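Asks: with the input below, show me the fold.
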Amino acid sequence: MSSNRFNKILVIDSIPGDETNTAKRLFEDIETYTGAFPDSPFPEYIRVESADDLLDVLSQCTKLAISNNIYPMLHIECHGNEDGLQFADKSILDWSELKNPLVKLNVAMKLNLMVVVAACLGAAIVKTVTFTDRAPFWGMIGPIDKAMPSELETPYRALYQTLISEMSPAKAIAAFEEVAKEGLYWRTTAQGLFMKTWERYKTDFCTKEALDKRLKRMQQQVPHYSKKELLKMLQESEPKSFERFRNAFFMCDKFPENSKRFPVEYKE
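Replies: Numbers count the residues shown, from 1 in each chain. You can find the predicted model right below:
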């Protein structure tokens, strides 16, 4: 499985003003850690008040990735729910609205974007992922349920402290999981999501019953073909469809090196 690369840790804070600002506190810790290790990614803190502010920040990140090769690891702290993120001014950004800006940034970063969401149900961001589109991130960490500030702050502090001091994503994840509340978080990669989504497609749409329904619909459009002929056409086209989806999702059409970074192969 591919690793990702980044040269900045960007903490985006939209904690309401009347609440304990765990984002600011976390950034101060990160700044201290990076100060002790000269080769660390550059730490940056940005305060956003609204959904539009976040979209502006993502747009600026995309421009900097293209022009200056500045690749951020995004850490977003705000409120959240099953539908999206809620910001300090109470504005909402649906997960579907967040997808395209993330895709643009991830393309600019050649599929290296790591997104850490410190918000209730932040892992619901994966609802935006489909294997027929570009990947919106290389990897993601976020809660799958409501979370108290302390349940967010402690594991993320361990994550960044270990990541910066050890320069090892594997050790950082281990440190994170050691102190994270069991069952609260989900972490995944674009590669893992692509394969799970493909497997779900095979399970839902390629059973004998599902195929029979598809073939009946196809026969209505092209009645001069038998079901047997249509089935053969489907079977022959599936590997090509998989390859087309894979190349687009992992951006192999833009960055040929990603074919080796993400060695995902078709299986019947």
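
Asks: now for the chain, the helix or strand with the poorest mean pLDDT.
Replies: helix 208-221 (a mean of 80; mean pLDDT, DSSP states H and E).

Asks: in that helix, what's buried?
Replies: 211, 215, 218 (16 or more other Cβ atoms under 10 Å). Bear in mind the C-beta positions are built from the backbone N, C-alpha and C, glycine included.

Asks: what is it packed up against?
Replies: Contacts defined by 3 or more Cβ pairs under 8 Å, 6 or more residues apart in numbering; DSSP states H and E place helix 208-221 against helix 190-205, helix 227-249.

Asks: helices or strands up against the shortest one?
Replies: Looking back up the chat, that one is helix 190-205. Using 3+ Cβ pairs under 8 Å, 6+ apart: helix 190-205 touches helix 208-221, helix 227-249.

Asks: CA-only coordinates of that helix in PDB, if you can.
Replies: The C-alpha trace of helix 190-205 is given here as PDB (Å, rounded to 0.1, in the frame of the first residue of the first chain):
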ATOM      1  CA  ALA A 190      -8.400   5.600  -0.700                       C
ATOM      2  CA  GLN A 191      -7.000   2.200  -1.700                       C
ATOM      3  CA  GLY A 192      -9.000   0.400   1.000                       C
ATOM      4  CA  LEU A 193     -12.200   2.300   0.100                       C
ATOM      5  CA  PHE A 194     -11.900   1.600  -3.600                       C
ATOM      6  CA  MET A 195     -11.600  -2.100  -3.000                       C
ATOM      7  CA  LYS A 196     -14.500  -2.200  -0.500                       C
ATOM      8  CA  THR A 197     -16.700  -0.200  -2.900                       C
ATOM      9  CA  TRP A 198     -15.800  -2.600  -5.700                       C
ATOM     10  CA  GLU A 199     -16.600  -5.600  -3.600                       C
ATOM     11  CA  ARG A 200     -19.900  -4.100  -2.600                       C
ATOM     12  CA  TYR A 201     -20.700  -3.500  -6.300                       C
ATOM     13  CA  LYS A 202     -19.900  -7.100  -7.000                       C
ATOM     14  CA  THR A 203     -22.100  -8.300  -4.100                       C
ATOM     15  CA  ASP A 204     -25.000  -6.000  -4.800                       C
ATOM     16  CA  PHE A 205     -25.100  -6.000  -8.600                       C
END
